[in-house]
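Colleague: Here you go, sequence then predicted model.
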Amino acid sequence: MQMIWELMPDSSDYAHFVRSSKLYIDTAECYAVDDENHATVLVYALEMMCQTPHISKPAQVLPILGHLRLARSHLGQERRDKKVEELLNWEYELPRMDVA
């Protein structure tokens, strides 16, 4: 079994992570912004995107982080809030020069 950090962009497993992130984003749009499931699914999408850094560019991640920032006030669970904070802090670690 291949470890996630060993995956290469041309592997089929890597393609599954990419497709998963896209489907999570589509799923998040099915929920109202004030529904906690909206934020939860965005967290899953971002986690999948973190696993595919070769194609997850800041220009793709930053808008999702913005949606998550808006939705986080509707989250009720402390654990989820902590995970959201970790992901939102990621925004400041992304290189700004790739955003266009």
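Modeller: Received, thanks. Please read all numbers here as calculations on a predicted model, not as lab measurements. Residues are numbered from 1 along each chain as shown.
Colleague: use CA for all of it now, contacts and neighbours both
Modeller: Fine.
Colleague: Can you report how many residues neighbour F17?
Modeller: For F17, the neighbour count with other Cα atoms under 10 Å is 19.
Colleague: Helix or strand for the closest residue to it other than its chain neighbours, just tell me which one.
Modeller: Once flanking residues are discounted, F17 sits nearest to M48: 5.7 Å by Cα to Cα, 6 or more residues apart in numbering. Secondary structure assigned from DSSP states H and E places M48 in helix 36-50.
Colleague: Dead centre of this protein: give me the residue that sits there.
Modeller: L46 (0.9 Å; Cα atoms, centre = their mean).
Colleague: can you pull the contacts of that one?
Modeller: S21, V61, I64, L87 (Cα atoms under 8 Å, 6 or more residues apart in numbering).
Colleague: Out of the residues you listed, which end up buried?
Modeller: S21, V61, I64, L87 (16 or more other Cα atoms under 10 Å).
Colleague: Nearest to V41 among those?
Modeller: Closest approach to V41 among the buried ones among the contacts of L46 (Cα to Cα): S21, at 9.5 Å.
Colleague: looking at it, the closest one is touching M49, isn't it?
Modeller: Yes. Counting by Cα atoms under 8 Å, S21 touches M49, with 5.9 Å between them.
Colleague: Which strands or helices does the longest helix along the chain pack on?
Modeller: If you go by DSSP state H, the chain has its longest helix at helix 12-28. Applying 3 or more Cα pairs under 8 Å, 6 or more residues apart in numbering; DSSP states H and E, we find helix 12-28 packed against helix 36-50.
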